[in-house]
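Trainee: Build me a model:
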Amino acid sequence: MQGRVFSCLLLFGFHTVLSEIFDVFGPDDPITVSVGEDVVLECQVVPAISLNTLEVRWFTSDSASPVHLYTGGQDRPDVQDKDYQGRTELFKDEFPRGNASLKLKKIKVSDEGSYLCYIDSKTHHDQAVIDLNVEEFGDWPWVHVEENSKGGLCVVCQSDGWYPEPLIHWVNGKGEDVTAQSETEFIMDSTGLITVQSRINVTSDSVNKFSCFMENQFLSKIQEAHLQISDEFFPRVSAWLVSFWVFVVLVIMAIAVDVMIHRKEDKKIKALGREHWIQIDGYHKNGIELMCESNGWFPQPQISWTDGNGQNLTAPSEINYQRDSNGLVNVQSSVTVTKDATNSFKYLIQNKLLKEEQEAAIQIAGRFMIKYSFIFKINTLFTNSIKTIYTAVRT
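Mentor: Below you'll find the model as predicted:
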């Protein structure tokens, strides 16, 4: 009789040990998530035994403290890594089905890496590795023109909020890849996101149109901006005169829209215009003239100009509308800004029926506004002197 009892106890213990043998599985492919989003790191125990009395530990190889720890039937935030406190959660209602997945909230750049899901029943343990990739698609590039160290012009393409470092491409007006001629700098901010600044030198014999492309390889998405410099800003004069007459031109932040939109609403045809350009058209007696042109609108769009302080400059601007052979509207608008105006200007064009708009911005370096003022005074003094001499001769 005692032998039978011993055998039953042995079989029961052996069955208990076998019932606690399990495997832990996670996804084979890395998980990709954007900064600020929430993500679930999946972890499953097979066979699906209950996790209520087991230890569930999430951790990374970079930290001595756990990302999240469940043991003794409760969470242990007191031993949790401080960087993850308040941002993790287990699905306890899924514990009876062997689901040990972890929800990680408000993703940071620093969260990128490999995570280990470790399950321990005291008699058996296993773990799975889950890889997490963090990405962020940056802002539209801001293009402007500066003087370089050699006294020439330099086109600068800048964009904030990227992760990881984007690929940079430059293409000139002939469609040639000129990336090798550029210099690119990556600056990481306190949150881990990256600001990109890429420069390319421009000479008087260069093609005067440039396109800047920034690509996030994980997302296979591209931001782009285009710039065109008027030939007037490459005068054929001696070097000392160039310092007076060359104005820095920033021409567009243009997001090229190559797709015509045709919809019917209340039997009306609507179209959102194609790419538009701001161009510094030259200098005049009253200031510097800015001109913006855009094609392919219907119905006739509304135009507005504002300066960096938000002051409306539309009233003194000139706007011309023309229809092409397809009945679409081409619009050209110009405005003259003085040396007393702010050096930042914005052009907004709106399709009211589509409730969509496009904008372009331009910034003129302050030193070139000062140069314009100085040159204008010299021209005025020279003109007055000529008039005085002419009057004296006639007398």
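
Trainee: Break down the stretch 1-150 of the chain into its helices, ranges please.
Mentor: 2-19 (DSSP state H, counting those that start in this stretch).

Trainee: so where's it shaky on pLDDT?
Mentor: 1-20, 149 (pLDDT under 70).

Trainee: what about 80?
Mentor: By pLDDT under 80, the low-scoring segments of the stretch 1-150 of the chain are 1-20, 147-150.

Trainee: what about stretch 191-211, how long is it end to end?
Mentor: 29 Å (C-alpha to C-alpha, to the nearest Å).

Trainee: And that stretch, what's buried?
Mentor: Within stretch 191-211, the residues scored as buried using 16 or more other C-beta atoms under 10 Å are 192-200, 202, 206, 208, 210-211. Bear in mind the C-beta positions are built from the backbone N, C-alpha and C, glycine included.

Trainee: again, but for stretch 155-165
Mentor: For stretch 155-165, using 16+ other C-beta under 10 Å, the buried residues are 155, 156, 157, 158, 159, 160, 162, 163, 164.

Trainee: now stretch 81-99
Mentor: 81, 84, 87, 88, 90, 95, 98, 99.

Trainee: can I get these in JSON lines with distance to residue 123?
Mentor: JSON lines is the format used below for these (distance: C-beta to C-beta, whole Å):
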{"residue": "81", "distance to residue 123": "28"}
{"residue": "84", "distance to residue 123": "29"}
{"residue": "87", "distance to residue 123": "32"}
{"residue": "88", "distance to residue 123": "27"}
{"residue": "90", "distance to residue 123": "22"}
{"residue": "95", "distance to residue 123": "18"}
{"residue": "98", "distance to residue 123": "16"}
{"residue": "99", "distance to residue 123": "21"}
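
Trainee: between the residues you listed, which is closest to residue 146?
Mentor: Of all the buried residues of stretch 81-99, residue 146 sits closest to residue 87, with 41.7 Å by C-beta to C-beta.

Trainee: The closest residue to residue 167 other than its chain neighbours pairs with what?
Mentor: Leaving out its chain neighbours, the residue that sits closest to residue 167 by C-beta to C-beta, 6 or more residues apart in numbering is residue 215, at 4.4 Å. On the basis of DSSP bridges, residue 215 is bridged to residue 167, residue 222.

Trainee: Residue 215 is in contact with residue 221, isn't it?
Mentor: Yes - using C-beta atoms under 8 Å, residue 215 makes contact with residue 221 at a distance of 7.2 Å.

Trainee: wait, what's in contact with the residue nearest to residue 84 when sequence neighbours are not counted?
Mentor: Distances taken as C-beta to C-beta, 6+ apart put residue 67 closest to residue 84, at 5.0 Å, once the chain neighbours are dropped. Applying C-beta atoms under 8 Å, 6 or more residues apart in numbering, we find residue 67 in contact with 58, 59, 60, 80, 81, 84, 88, 102, 104, 115.

Trainee: swap in residue 55?
Mentor: Contacts of residue 55 (C-beta under 8 Å, 6+ apart): 69, 70, 71, 118, 119, 120, 121.

Trainee: Narrow the buried residues of stretch 191-211 to those in helices?
Mentor: If you go by DSSP state H, the buried residues of stretch 191-211 have nothing in helices.

Trainee: In those residues, find the pair that's most separated.
Mentor: Most distant of these, by C-beta to C-beta, are 192 and 208, 37.5 Å apart.

Trainee: buried stuff in stretch 107-124?
Mentor: Buried-residue list, stretch 107-124, by 16+ other C-beta under 10 Å: 107, 108, 109, 111, 112, 115, 116, 117, 118, 119, 121.

Trainee: Quick check, the third one in contact with residue 192.
Mentor: Right, the one you point to is residue 109. Yes - between residue 109 and residue 192 a contact is recorded at 2.9 Å, counting by C-beta under 8 Å.

Trainee: which residues of the stretch 51-200 of the chain fall in strands?
Mentor: For the stretch 51-200 of the chain, applying DSSP state E, counting those that start in this stretch gives strands covering 55-60, 68-71, 74-75, 88-90, 102-104, 113-120, 125-135, 142-147, 153-162, 167-172, 182-188, 194-202.
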